[in-house]
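Here is the input, now give the coordinates:
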Amino acid sequence: MTRTSAVVLAAGGVSHTGWIVGFVIGAVIVLVVVALVVPILVLAHKIGQAAPLINGELVKARDNTAPLAALSTTIKYAQTIVAGLARGRARLGG
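Sure, this is the predicted structure:
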């Protein structure tokens, strides 16, 4: 303890230095947290605004590629037709 603070405390005064330092440190921590969280919230808001557009495009992609699921059935039918044509050609002597 310094001589001046010892005199103040001996005279019945109270030193508030610890409280002031604590409040300043607390305020700095709050500002740092706000500075880190605000960009995250802004980015989340932008993603939220873009989500319906992204979802719409994904639905279009699903609709446009749905016929590919039936491709194996089409291949089976094509193979059956080609085999039938080959048998017909063989019977006709070709």
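
moving C-terminal of the lengthiest helix in the chain, what's the next helix or strand?
In terms of residue count, the longest helix belonging to the chain (DSSP state H) is helix 17-65. As assigned by DSSP states H and E, the chain's next helix or strand after helix 17-65 is helix 71-91.

And that following helix, what does it pack against?
Under the contact definition 3 or more CB pairs under 8 Å, 6 or more residues apart in numbering; DSSP states H and E, helix 71-91 sits against no other helix or strand. C-beta here means a position set from N, CA and C on the backbone, and glycine is covered the same way.

quick one: average pLDDT of that helix?
Averaged over helix 71-91, pLDDT sits at 93.

Next: stretch 21-30.
On average, stretch 21-30 scores 96.

Would you mind pulling the contact partners of that stretch?
Under the contact criterion CB atoms under 8 Å, 6 or more residues apart in numbering, stretch 21-30 has no outside partners.

Just the CA atoms of that stretch, as CSV, please.
The C-alpha coordinates for stretch 21-30 follow below in CSV (Å, rounded to 0.1, in the frame of the first residue of the first chain):
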residue,chain,number,x,y,z
VAL,A,21,-10.5,-1.6,-12.5
GLY,A,22,-13.1,-4.3,-12.2
PHE,A,23,-15.7,-2.3,-14.1
VAL,A,24,-13.2,-1.3,-16.8
ILE,A,25,-12.1,-5.0,-17.3
GLY,A,26,-15.8,-6.1,-17.4
ALA,A,27,-16.7,-3.4,-19.9
VAL,A,28,-13.7,-4.4,-22.1
ILE,A,29,-14.8,-8.1,-22.0
VAL,A,30,-18.4,-7.2,-22.9
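
now that stretch: how far from the chain's centre is it?
When C-alpha coordinates are averaged (CA atoms, centre = their mean, to the nearest Å), stretch 21-30 and its chain have centres 32 Å apart.

do the same with stretch 32-52
The answer for stretch 32-52 is 10 Å, by CA atoms, centre = their mean.

Same question for stretch 52-61.
The answer for stretch 52-61 is 16 Å, by CA atoms, centre = their mean.
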